[in-house]
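Okay, sequence plus prediction incoming.
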Amino acid sequence: MSSSDIFIGETIGTAVLILLGAGVVCAVVLKRSKAQNAGWLAITFGWGFAVLTAAYMTGPLSGAHLNPAVTLGIAIKDGEWGNVPVYFAGQLLGAMIGATLAWVAYYGQFQAHLTDPEIVSVKSEAAGLVDQKTEPAAGPVLGIFSTGPEIRNVWQNLATEIIGTLVLVLAILAFGLNDSGKGLGTLGALMVSLVVVGIGLSLGGPTGYAINPARDLGPRIVHALLPLPNKGGSDWGYAWVPVVGPLIGGALAAGIYNLAFV
């Protein structure tokens, strides 16, 4: 794979991942959506299908890492670091593009939701979205773009992200890779998508299971930049947790893989 193939593949794949993933959250959360209140099962399966679609679409181009934690885990496993910055750049750009496209697709619903007096009057701190000591109130749609804890305990939140990502990356390294070991295989993409659903159902409750630094940071940047009415803050005080936690989890998974499976 060339660097250009990797960058293009990761940009497209991560954009599709976030478009469909953030899209299902839009569908469930926003007013005037036909799927409003469809619930957590819809969100977890929607994200699983998002992974499946993006992985099959871009696997031949870049290996469909779609996640800096996965890229880090594979780099540690193989000891090859040359293309890591290219993967990271494509993933972050793609995540921002995907979040923007989700906003475009649900533009009317965002406007209706964020101008509804019942919505904008709700204090987001009651849902654990933001520490009021360090950050202005996060708005009612931040959870569409990025994650936030239900109970704000930084060490628990960090541990949850580490554990969830460890499961994901170890599963990818153990049975998800193609013959070259550089990305997801055909059957592996299906299995990994089911693992993502399982992580969401089992471990998603405390933090919303970012398990992917680009998936959280890119859309959070977009939330901060978009001209959304009454959107509130972007909770930058928490933003490091869904970046650092998944990277630690991916590194630990690679270490376990090299010790136990090789």
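Cool, got the structure.

could you point out the longest helix in this structure?
helix 3-29 (DSSP state H).

which secondary structure element contains the residue most central in space within the chain?
Ranked by distance to the mean C-alpha position of the chain (C-alpha atoms, centre = their mean), the top residue is Arg215 at 3.1 Å. Using DSSP states H and E, Arg215 maps to helix 213-225.

Residues touching that helix, excluding its own?
With C-beta atoms under 8 Å, 6 or more residues apart in numbering as the test, helix 213-225 has contacts from 14, 17-18, 21-22, 66-69, 88, 91-96, 98-100, 103, 141-142, 144-147, 210, 231, 234-236, 239, 242-243, 246-247. C-beta: built from backbone N, CA, C; applies to glycine.

Any stretches of the stretch 101-250 of the chain with poor pLDDT?
Applying pLDDT under 70 to the stretch 101-250 of the chain flags residues 122-138.

coming back round to it: what's the angle between the helix holding Arg215 and helix 3-29?
60 degrees (axes from the mean of the first three to the mean of the last three C-alpha atoms, to 10 degrees).

Now do the buried residues in helix 213-225.
Within helix 213-225, the residues scored as buried using 16 or more other C-beta atoms under 10 Å are Pro213, Ala214, Arg215, Asp216, Leu217, Gly218, Pro219, Arg220, Ile221, Val222, His223, Ala224.

cool, and stretch 94-112?
94-103, 106, 109-110.

Tell me the gap between that stretch and the middle of its chain.
Relative to the centre of its chain, stretch 94-112 is centred 15 Å away, using C-alpha atoms, centre = their mean, to the nearest Å.

Just the CA coordinates for stretch 247-254, please, in CSV.
What follows is stretch 247-254 as a C-alpha-only set of coordinates in CSV (Å, rounded to 0.1, in the frame of the first residue of the first chain):
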residue,chain,number,x,y,z
LEU,A,247,-4.3,4.7,22.8
ILE,A,248,-3.3,3.0,26.1
GLY,A,249,-5.8,0.2,25.5
GLY,A,250,-4.4,-0.4,22.0
ALA,A,251,-0.8,-0.5,23.2
LEU,A,252,-1.7,-2.9,26.0
ALA,A,253,-3.6,-5.1,23.5
ALA,A,254,-0.5,-5.3,21.3
